[in-house]
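A.B. asks: Provided below for reference: sequence and predicted model.
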Amino acid sequence: MSDDPDAIVIGAGPNGLVAANVLADAGWSVLVLEAQPDIGGAVHSDSELDPDFVHDTFSAFYPLGAGSPVMGGLDLQSYGLTWKHAPAVLGHPRPDGGWALLHHDVDMTAAGLDEHAAGDGDRWHELHRDWQRIGPSLVESLMSPFPPVKGGLKTLARLPSVGGLAYVKMLLEPARQLVESRFDSEEAKLLIAGNGGHADIPLDATGSGLMALLLVMLAQTVGYPVPEGGASELPNALARRLESKGGSIRCDARVDGIAVRDRRARGVRIQGGETISAARAIIADVSATSLYGGLIGWDHLPTRTRRDMRQFRYDPATVKVDWALDGPVPWASTPALAPGTVHIADSLDQMTTALQQVGGHTIPAHPFLLMGQMTTADPTRSPAGTESLWAYTHVPQEVRSDGGGDDITGVWDHTESERMADRMQDRIEKYAPGFTSRVRARRVLAPPDLERRNANLVGGSINGGTSDLHQQLVFRPVPGLGRAGTPIRGLYLGSAAAHPGGGVHGAPGANAARAAIAAHRTGRL
C-alpha cells in the first residue's frame with residue numbers, strides 16, 4: 001500500500017490551506033509544502049519593526065474572509081480564531097475637518113450621511129436593504145466556479161425583489177457613475193468609491209461599481225474584522241484544523257518542479273532533490289507565471305497556453321509602510337468613533353486622478369492611501385496608548401514618470417522607497433498634524449520587498465492578476481472555463497490567479513479542491 005499522500009498542495013497561503021482542509025474533510029490524505037519558514041503567505045504578522053508591536057506584514061482586514069461562505073463553513077473559531085472589530089468600521093477624514101464614517105450599525109451610518117446631505121441616509125438604507133435580499137447569493141455566485149449554477153439560480157430568483165434588470169445595470173456601472181447618480185454628499189461618494197479603490201479597476205470603468213458595492217456592503221454587514229493577536233492567527237487556525245483532520249504541513253520545502261507523465265501530474269520535486277508522489281492530485285497555490293512555464297515546463301503545455309500567458313497582466317504594484325507610534329494618530333478632528341480602516345483622498349476627483357495615474361504608468365503626486373489603525377481594532381497589537389499603524393498605496397508595475405517630482409523611476413532602491421514613504425507620510429500629516437513626531441519606528445516595503453517575502457506577490461501585485469473584466473471569470477488567468485483545472489490532468493490552480501481572484505476568502509483553493517474531488521469520483525483523474 002502506497003504511503004504517497006492523496007494530494008499535495010503547493011503553498012501554505014490561505015488558499016492552499018483552505019484547499020487542504022476541503023480535501024481532508026473529504027477523507028483525503030494531504031501534504032502541504034511551503035517554501036517559507038512560516039505558513040500564511042500574504043496573511044502574516046511579525047514584530048520585526050518593534051518587539052512590543054505586532055504588524056501585519058501584508059493583508060490586515062478581512063471582510064471577504066468574514067463574509068465568505070467558504071471560510072464560514074470551516075468553523076475556524078473552534079480552532080482558535082477570534083475576530084476583533086474597531087469601534088467604527090471605516091473612516092474618511094475630510095479637508096474641512098469632518099469625517100465620513102461607516103459604522104457597524106446601519107442606522108448610525110445613515111444618520112451620519114443625512115447630516116451631510118438630507119436624503120443620503122434613506123438612499124444608504126435602500127442600498128443596504130437590497131443587499132440583504134440579494135447579497136448572500138451574489139457573494140456565493142462570485143465565489144463559485146463559473147458558471148455559478150446554485151448561487152446563480154438563487155440570485156435570479158431574488159433579482160425581481162431588488163428591481164430586476166435595473167439592479168443588474170447598477171452592478172455594471174462604473175463606481176463613479178454609481179455614486180454620483182445616487183448620492184448628493186461627497187462623504188457618501190467617498191465611502192463607496194474608496195472601497196472600489198481597493199482593486200485596480202479605474203473608478204470610471206465597468207466592474208469598479210460591483211467591487212465598490214461588494215466591499216462597502218460587506219463592511220456594513222460583517223464589518224472589517226481582524227484576527228486577535230495578528231494576521232498570522234488566521235492561517236494558524238487553518239493549520240490547526242487541517243492537522244486535526246490528519247493533514248500535514250512542511251515549511252522550508254520549496255517546490256521547484258512538477259513531475260508530469262502521460263499529460264498527468266504525478267508528483268513534485270523539492271529544491272535539494274527530494275521527490276514526492278501524489279496519488280490523486282496536486283493543487284498549486286502559486287502565481288500563474290510561476291506555474292505555467294515554471295513548475296510546469298512549456299513542453300508539457302499546449303501552444304495556446306503559452307500564447308495566452310503572454311497576454312496575462314498583473315495588477316499594479318504596492319508600496320506599504322508600517323509605523324510604530326508612541327500615541328494614537330493625532331487626527332485634526334477626532335471622529336465620533338475611531339475607525340479601524342481609514343482612506344485618504346481629498347476628494348472623489350483626486351481619488352479618481354490618482355488611480356488613473358497608476359493606470360497610466362505614473363506615480364501619483366497625491367496617492368490614494370488605505371490605512372489600518374490596528375491597535376484601535378485589536379488592543380493586543382501594541383502597548384496601551386500607542387498605535388500599530390500601516391498604509392499602502394498602488395504604484396505602476398512599469399513606472400514611466402513621477403507626478404510628484406521626486407524622480408522616482410521604479411527601481412525601488414532604498415532612496416526611492418523612502419521618498420515614496422515620505423510622500424505617503426506627508427499625506428497623513430495633512431490630516432493628522434504632528435503625526436511625524438509620534439513615529440517611533442518606520443518600515444517601508446516596496447514592490448521588490450513584498451515579492452522577496454512572498455513570491456506570489458509578483459512585482460508587488462497583491463491580487464494575483466488584474467481585476468479588469470478582460471481577466472476575470474472565464475478569462476482568469478487565461479481564457480478557459482472559469483474553473484480550477486489546467487491542461488495537465490490531476491493539476492489544479494488554487495491561488496488568487498484563478499477565478500474569482502484576489503482577497504482572503506479561500507474560494508480559489510476551495511474550488512480547486514472540489515474540482516479534484518469531483519474528478520476522482522468520476523474517474524477523470
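C.D. replies: Cool, got the structure. Keep in mind that this is a model prediction, so the values were computed, not measured. Numbering: from 1, shown residues only.
A.B. asks: for the longest helix belonging to the chain, packing partners?
C.D. replies: Secondary structure of the chain per DSSP state H: the longest helix is helix 120-142. Helix 120-142 sits against helix 106-116, helix 149-158, helix 186-196, helix 208-221, with contacts defined as 3 or more Cβ pairs under 8 Å, 6 or more residues apart in numbering; DSSP states H and E. From N, CA and C alone the C-beta is placed, and that goes for glycine too.
A.B. asks: what is the second one packed up against?
C.D. replies: Which is helix 149-158. Other elements packing on helix 149-158 under the criterion 3+ Cβ pairs under 8 Å, 6+ apart are helix 120-142.
A.B. asks: end-to-end on stretch 195-206?
C.D. replies: Start-to-end span of stretch 195-206 (Cα to Cα, to the nearest Å) is 15 Å.
A.B. asks: and of the helices and strands packed on helix 120-142, who's closest to residue 90?
C.D. replies: Closest approach to residue 90 among the helices and strands packed on helix 120-142 (Cβ to Cβ): helix 208-221, 5.6 Å.
A.B. asks: quick one: the closest one to helix 106-116, angle?
C.D. replies: Interaxial angle, helix 208-221 versus helix 106-116 (axes from the mean of the first three to the mean of the last three Cα atoms, to 10 degrees): 120 degrees.
A.B. asks: could you give the mean pLDDT of helix 208-221?
C.D. replies: Mean pLDDT, computed over helix 208-221, is 94.
A.B. asks: what angle sits between it and helix 186-196?
C.D. replies: Using the same axes, to 10 degrees, the inter-axis angle of helix 208-221 relative to helix 186-196 is 100 degrees.
A.B. asks: contacting residues around helix 208-221?
C.D. replies: Residues outside helix 208-221 that contact it (Cβ atoms under 8 Å, 6 or more residues apart in numbering) are 63-64, 66-67, 89-90, 102, 106, 109, 127-128, 131-132, 135, 138-139, 142, 170-179, 191-193, 195-196, 198-199, 201-203, 341, 467.
A.B. asks: ok, of the residues you listed, which come out buried?
C.D. replies: Applying 16 or more other Cβ atoms under 10 Å to the contacts of helix 208-221, the neighbour count classes 63-64, 66-67, 89-90, 102, 106, 109, 127-128, 131, 135, 138-139, 142, 170, 173-179, 191-193, 195-196, 198-199, 201-203, 341, 467 as buried.
A.B. asks: pull the CA atoms of the longest helix of the chain into CSV?
C.D. replies: Extracted in CSV, the C-alpha atoms of helix 120-142 (Å, rounded to 0.1, in the frame of the first residue of the first chain):
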residue,chain,number,x,y,z
ASP,A,120,-28.5,60.3,1.6
GLY,A,121,-29.4,58.3,4.7
ASP,A,122,-32.5,56.9,3.0
ARG,A,123,-30.6,56.1,-0.1
TRP,A,124,-28.0,54.3,2.0
HIS,A,125,-30.8,52.3,3.7
GLU,A,126,-32.2,51.4,0.3
LEU,A,127,-28.8,50.0,-0.9
HIS,A,128,-28.4,48.1,2.3
ARG,A,129,-32.0,46.6,2.2
ASP,A,130,-31.4,45.4,-1.4
TRP,A,131,-28.1,43.9,-0.4
GLN,A,132,-29.6,42.0,2.4
ARG,A,133,-32.0,40.4,-0.1
ILE,A,134,-29.5,39.6,-2.8
GLY,A,135,-26.1,40.0,-1.3
PRO,A,136,-25.6,36.5,0.1
SER,A,137,-26.5,34.7,-3.1
LEU,A,138,-24.4,37.2,-5.1
VAL,A,139,-21.4,36.5,-3.0
GLU,A,140,-22.0,32.8,-3.3
SER,A,141,-22.2,33.2,-7.1
LEU,A,142,-19.0,35.3,-7.3
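A.B. asks: contacts for that helix?
C.D. replies: With contact meaning Cβ under 8 Å, 6+ apart, helix 120-142 is reached by 67-69, 106, 109-114, 148, 150-152, 154-155, 158-159, 161-163, 167, 182-185, 187-188, 213-214, 217-218, 220-221, 500.
A.B. asks: domain ranges for this structure?
C.D. replies: As assigned by automatic domain parsing, the chain contains the domains 7-35+253-312+464-521, 49-68+83-102+316-462, 105-222.
A.B. asks: next helix or strand past the helix or strand bottoming out on mean pLDDT in the chain?
C.D. replies: Taking mean pLDDT, DSSP states H and E as the measure, the chain has helix 149-158 as its least confident helix or strand, at a mean of 86. Downstream of helix 149-158, the next assigned helix or strand under DSSP states H and E is helix 165-172.
A.B. asks: now for that following helix, which elements pack on it?
C.D. replies: Checked by 3+ Cβ pairs under 8 Å, 6+ apart, helix 165-172 has helix 208-221 packed alongside it.
A.B. asks: and residue 89, how far from residue 178?
C.D. replies: In this structure, residue 89 and residue 178 are 20 Å apart, going by Cβ to Cβ, to the nearest Å.
A.B. asks: can you give me the helices for the stretch 251-400 of the chain?
C.D. replies: Counting by DSSP state H, counting those that start in this stretch, the segments of the stretch 251-400 of the chain that form helices are 288-291, 303-309, 348-359, 374-377.
A.B. asks: between these, which one is nearest to residue 329?
C.D. replies: Judged by Cβ to Cβ, the one of those that comes nearest to residue 329 is helix 374-377, at 8.6 Å.
A.B. asks: can you tell me what sits against the closest one?
C.D. replies: The contact list for helix 374-377 (Cβ under 8 Å, 6+ apart) reads 54-56, 60-61, 84-87, 224-226, 328, 338-340, 381-382, 386-390.
A.B. asks: which residues touch residue 30?
C.D. replies: 5-9, 20, 23-24, 242, 246-248.
A.B. asks: chain neighbours aside, what residue packs nearest to it?
C.D. replies: Among residues not flanking residue 30 along the chain, residue 247 sits closest, at 4.1 Å (Cβ to Cβ, 6 or more residues apart in numbering).
A.B. asks: quick check: that neighbour touching residue 19?
C.D. replies: No: Residue 247 lies out of contact with residue 19 (Cβ atoms under 8 Å); the separation is 10.4 Å.
A.B. asks: these two: which has the busier surroundings?
C.D. replies: Shown here are residue 247 and residue 19; by other Cβ atoms under 10 Å, residue 19 has more neighbours (36 against 23).
A.B. asks: which residue packs closest to the more buried one, ignoring adjacent ones?
C.D. replies: For residue 19, ignoring the flanking residues on the chain, the nearest one in space by Cβ to Cβ, 6+ apart is residue 509 at 3.6 Å.
A.B. asks: what's near enough to touch that neighbour?
C.D. replies: Each residue near residue 509 by Cβ under 8 Å, 6+ apart is listed here: 14-20, 22, 70, 283, 285, 494-495.
A.B. asks: ok, for residue 502, nearest residue in space, not its chain neighbours?
C.D. replies: Nearest residue to residue 502, sequence neighbours excluded (Cβ to Cβ, 6+ apart): residue 463, at 2.9 Å.
A.B. asks: count of neighbours near the one you found?
C.D. replies: The tally of other residues near residue 463 (other Cβ under 10 Å) stands at 20.
A.B. asks: doesn't it belong to a strand?
C.D. replies: No: Residue 463: not assigned to a strand; according to DSSP: H, G, I helix; E, B strand; the rest coil it is coil.
A.B. asks: quick one: residues contacting it.
C.D. replies: Residue 463 makes contacts with 199-200, 315, 496, 501-503, as judged by Cβ under 8 Å, 6+ apart.
A.B. asks: cutoff 6 Å now
C.D. replies: By Cβ atoms under 6 Å, 6 or more residues apart in numbering, the contact list for residue 463 reads 315, 496, 502.
A.B. asks: and if you look at residue 405?
C.D. replies: Applying Cβ under 6 Å, 6+ apart, no residues contact residue 405.
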